[in-house]
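Novice: how would this look folded up:
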Amino acid sequence: MKKALLLTALLAAVGAAQAQSATYKMDPSHTAVTFEARHFGTSTLRGRWDKKEGTITLDKAAKTGSVEFSLEMASLTTGTAAFDGHLKSNDFFAADQFPTAKFVGDKFTFNGDKLASVSGMLTLRDKTNPVTLTATNYNCYENPRLKREVCGGDFETTIQRSQWGINYGLPMASPDAVHLLIQVEAIKQ
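Specialist: Next comes the predicted model:
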């Protein structure tokens with residue numbers, strides 16, 4: 001009898017723990033991915049990807065989660081058509097050959113109740129390398145219009161583009177280091 005009660009309590013605890021996990025869909029109108037890179041040691045070149053999508057699974061109580069986020073490489077824009085074309089070419093992102101970049105993260109680090117970082121793997125140009133996105137801001141709130149919880153924040157990382165085979169202009173025209181900035185809001189489903 002005691003074993004049955006213990007098993008029932010254990011199953012209830014497992015069910016309660018699983019109930020804490022929630023799925024959030026990224027809101028593309030409140031999500032942005034931009035890059036910054038120096039140009040000949042003078043100005044900073046910036047661009048963004050306009051088409052992106054992703055989902056996040058988050059268990060706040062267990063402080064665990066996962067994220068899957070993708071970018072459509074052909075949606076890259078800098079505001080200058082000729083430069084966009086060069087960045088989409090084989091010299092840089094090879095958008096025709098590798099139409100999607102993808103980040104899959106499964107290691108969430110918290111500082112108290114605040115998400116501090118997400119570590120995972122970034123696949124770009126068919127090469128996959130580890131990346132950690134550091135949160136510079138993070139919050140959840142009840143959206144008054146949607147009547148649902150929204151979580152999001154500002155994340156950043158610096159990658160070495162040569163790790164993904166993007167070697168054009170190294171090191172003179174543009175350094176290896178590229179700063180990525182991700183602003184994301186995701187709606188609880």
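Novice: So what touches the longest strand that the chain contains?
Specialist: Counting by DSSP state E, the longest strand found in the chain is strand 127-143. Strand 127-143 has contacts (Cβ atoms under 8 Å, 6 or more residues apart in numbering) with 103, 105, 114-122, 148-157, 159, 163-165, 182, 187. From N, CA and C alone the C-beta is placed, and that goes for glycine too.
Novice: repeat for stretch 49-68
Specialist: Under Cβ under 8 Å, 6+ apart, the answer for stretch 49-68 is 17, 20-26, 28, 31, 33, 69-77, 102-106, 108, 110, 113, 118, 120, 151, 184, 186.
Novice: In PyMOL, how would I select the buried members of these?
Specialist: Written as a PyMOL command, the selection of buried residues from these, which uses 16 or more other Cβ atoms under 10 Å, is:
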select buried, resi 22+24+26+31+33+69+70+71+73+74+75+76+103+104+105+108+118+120+151+184+186
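Novice: and the strand or helix carrying L45, which strands flank it?
Specialist: Using DSSP states H and E, L45 sits in strand 43-49. Sheet pairing here is set by DSSP bridges, and for strand 43-49 it gives strand 32-39 (antiparallel), strand 76-77 (antiparallel).
Novice: mind listing what's buried in that strand?
Specialist: L45, G47, R48, W49.
Novice: List the residues that contact the first one.
Specialist: Under the criterion of Cβ under 8 Å, 6+ apart, the contact partners of L45 comprise E36, A37, R38, H39, T78, F83, S174.
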